[in-house]
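Trainee: next come a sequence and a model predicted from it.
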Amino acid sequence: MMNKPIIEVKGLQKSFGSLNVLDDISTSIYPGEKVVVIGASGSGKSTFLRCLNCLEDPTGGQIIFDDVDIADPKVDINIHRQNMGMVFQQFNLFNNKTVLENIMLAPVTIYTKKAVKEGKTKAEFKEECREKAMALLRRIGLEDKANVYPSTLSGGQKQRIAIVRALAMNPKVMLFDEPTSALDPEMVGEVLNLIKEVASEGMTMVIVTHEMGFAREVATRVLFMDEGRIAEEGTPKELFDNPQNPRTIQFLKAVL
Amino acid sequence: MNILLAASIIDRLRKAVIVDDRWKLYLEGLGNTIIIALIAALIGTVIGVFFAMVNYINKKTGKLKVLKVIANIYITIIRGTPVVLQLMILYFIVFVSWDNGLMIGAITFGINSGAYVAEIARAGFESVDDGQMEAGRSLGLSTWQTMYHIIIPQAVKNCLPPLFNEFITLVKETAIVGYVGIMDLGKIPGLIQSRTFDYLFPLLIAAVLYLIVVLGLTQLHHILEKKLSKSDRGRGGK
Ligand SMILES: Nc1ncnc2c1ncn2[C@@H]1O[C@H](COP(=O)(O)OP(=O)(O)OP(=O)(O)O)[C@@H](O)[C@H]1O
Ligand SMILES: [Mg+2]
């Protein structure tokens, strides 16, 4: 059999007041999988993704991550979020921090205590984080932007920095919510290439996207969501070339 | 003729400033005004930012409901009643057996200012993009860590102009502590006039002193604004 799932979603439900947005979703995400979520606007894709790290509190069901049901309000969610990176449509770089500070803030804030316990000084650990952040910036060719503020960057640069900011925490899984939807067309490629690169290194990913070509290329499994349910799922080949559900067929006809 | 006029002006000025070391009175009044305004601004900022944060966290997480209700009641009452009455209530009723008028004045204006700062800071927090908090939380930072590193600095920057407006208003408004007999700058001209029977220079001098304080505050505002706006310009100077 396959190894243990990283995230196991059991009977997930989410409603906003009387509006049921997610209706009994169950699925397991295994190490190394690239799960791409597609579906019409309003079908609940973002809500599903945001429930995975409890940015939205599920109203029912379980999300098992690291053997813990993180949907349980008693769980300290911060510890688990440190292992789940998230990339947003609107980038959400910290406006009051330089690029380098954006990448270093979470590792320094969260792990300094632990590093001090292990015998490092605060300054040593900060320098370590700085070097690691610079290495990430070099990787995306933006080391010369280390000391500028986000307001001076292009959308593509912002999103690539947002991706390495998440990587700086060494997450076990990365969640992407339409990472290229807010970009000018000429910048979509650079961001998708970075995501593909990270994917090829074995990162487990859940990606909501409208880029069907990219989905087909990078996905190991595609989920088609419709009215808060997973209406159909399969390999990209199965889902794109031979969809079974009439709603999937209709959706793909509209977008391809 | 001109010489006579000049001599009379110099004499009036001398009586207003030099005779009996009256200049000390202006400085004492100025000192008291600054003490009251400074302590009040501190108290007001702490109360205001605290309640604005309660409001913000309540909005983001649904927690702190009771505190939020308390904040609303406080803001409504303070903004709905004249500050003179608040001063008299604290001076003649609440602290009737405490003879430190200066501190009572400072506390009154602190409590009063807090309600206005709360509204200013609330707008400041609301002007911070929702995605900033979500990004912080998604990285595993706690609500408080994200508030401290990301939300508060941006909120402060966004509400600096109305905040300094409030401080400037506060400095001038403290003049009503004269109502309960506190010797602040606004009270000094009357005091000196009662001895020299001449209002002109005492009033002018007090006005100039208030103006200097306000201009100083404006300068401070510009300096802070410059410091905080570096994130709009690109290069961080670290
Ligand atoms: N905070 C909220 N409060 C109330 N309703 C919400 C909230 N967030 C989402 N919804 C509703 O939930 C439904 C699903 O929204 P969601 O954002 O998950 O859709 P989506 O599939 O991501 O759509 P899109 O492709 O447009 O991003 C929509 O009807 C939306 O209006
Ligand atoms: Mg969405």
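Mentor: Happy to help now that I have it. Numbering: from 1, shown residues only, chains lettered A, B, ... in the order given. Ligands and ions are numbered 1, 2, ... in the order given.

Trainee: going forward, measure contacts and count neighbours with C-alpha atoms only.
Mentor: Noted.

Trainee: could you give the number of residues near residue 16?
Mentor: As the question left the chain open, I've gone with chain A. When neighbours are counted by other CA atoms under 10 Å in any protein chain shown, residue A:16 registers 11.

Trainee: the chain in question should be chain B.
Mentor: Residue B:16 is flanked by 27 other residues according to other CA under 10 Å.

Trainee: now swap in residue B:179 and tell me
Mentor: 12.

Trainee: residues contacting it?
Mentor: Applying CA atoms under 8 Å, 6 or more residues apart in numbering or on different chains to residue B:179 gives the contacts residue B:84.

Trainee: what's the spacing between it and residue B:222?
Mentor: To residue B:222, residue B:179 is 34 Å away according to CA to CA, to the nearest Å.

Trainee: with residue B:89 instead?
Mentor: In this structure, residue B:89 and residue B:222 are 37 Å apart, going by CA to CA.

Trainee: kindly report the same for residue A:164.
Mentor: For residue A:164, the distance to residue B:222 - CA to CA - is 36 Å.

Trainee: out of the two, which sits in the busier spot?
Mentor: Neighbour comparison, residue A:164 and residue B:222: the larger count goes to residue A:164, with 23 against 14 (by other CA under 10 Å).

Trainee: without its sequence neighbours, what residue ends up closest to the residue nearest in space to the middle of chain B?
Mentor: Closest to where the C-alpha atoms of chain B average out (CA atoms, centre = their mean) is residue B:167, at 3.3 Å. Of all residues not flanking residue B:167 in the chain, residue B:41 sits nearest, at 6.6 Å (CA to CA, 6 or more residues apart in numbering or on different chains).

Trainee: also residue A:83?
Mentor: residue A:171 (4.1 Å).

Trainee: for residue A:52, same thing?
Mentor: Once flanking residues are discounted, residue A:52 sits nearest to residue A:63: 6.8 Å by CA to CA, 6+ apart.

Trainee: so where's chain B shaky on pLDDT?
Mentor: Applying pLDDT under 70 to chain B flags residues B:1, B:233-238.

Trainee: name the helix or strand for the residue in it positioned nearest to ligand 1, please.
Mentor: Closest approach between chain B and ligand 1, counting by CA to the nearest ligand atom: residue B:60, at 10.9 Å. Element membership for residue B:60 (DSSP states H and E) is helix B:23-61.

Trainee: list the buried residues of that helix.
Mentor: Neighbour-count burial for helix B:23-61, counted by 16 or more other CA atoms under 10 Å in any protein chain shown, picks out B:23, B:25-30, B:32-58.

Trainee: chain center to it, what's the gap?
Mentor: Relative to its chain's centre, helix B:23-61 lies at 5 Å (CA atoms, centre = their mean, to the nearest Å).

Trainee: name the helices or strands packed onto that helix?
Mentor: Counting contacts by 3 or more CA pairs under 8 Å, 6 or more residues apart in numbering or on different chains; DSSP states H and E, helix B:23-61 is packed against helix B:65-80, helix B:101-126, helix B:152-173, helix B:188-196.

Trainee: just those: most buried one?
Mentor: With neighbours taken as mean count of other CA atoms under 10 Å in any protein chain shown, the helices and strands packed on helix B:23-61 reach their highest mean count in helix B:101-126, at a mean of 24.

Trainee: low-scoring stretches of the stretch 151-256 of chain A, by residue?
Mentor: Those would be none, if you go by pLDDT under 70 across the stretch 151-256 of chain A.

Trainee: compute the number of surrounding residues for the residue in it that chain B sits nearest to.
Mentor: Going by CA to the nearest CA, chain B is nearest to residue A:152 of the stretch 151-256 of chain A, at 5.6 Å. Neighbourhood size, residue A:152 [other CA under 10 Å]: 15.

Trainee: for it, give me the backbone phi and psi.
Mentor: The phi/psi pair for residue A:152 (degrees, to the nearest 10) reads phi -100, psi 0.

Trainee: isn't residue A:27 right next to residue A:6, touching?
Mentor: No - contact criterion CA atoms under 8 Å: residue A:27 and residue A:6 do not qualify, at 11.0 Å.

Trainee: more crowded one of the two?
Mentor: More crowded of residue A:27 and residue A:6, by other CA under 10 Å: residue A:6, with 19 against 15.

Trainee: which strand residues bridge the residue nearest to residue A:232 when sequence neighbours are not counted?
Mentor: In space, residue A:232 comes closest to residue A:224 once its chain neighbours are excluded; the distance is 5.2 Å by CA to CA, 6+ apart. Beta-bridge pairing of residue A:224 under DSSP bridges involves residue A:38, residue A:232.

Trainee: what sits against residue A:224?
Mentor: Residue A:224 neighbours (CA under 8 Å, 6+ apart): A:37-39, A:230-233, A:248.

Trainee: how does it look with 6 Å?
Mentor: Neighbouring residues of residue A:224 by CA atoms under 6 Å, 6 or more residues apart in numbering or on different chains: A:38-39, A:230-233.
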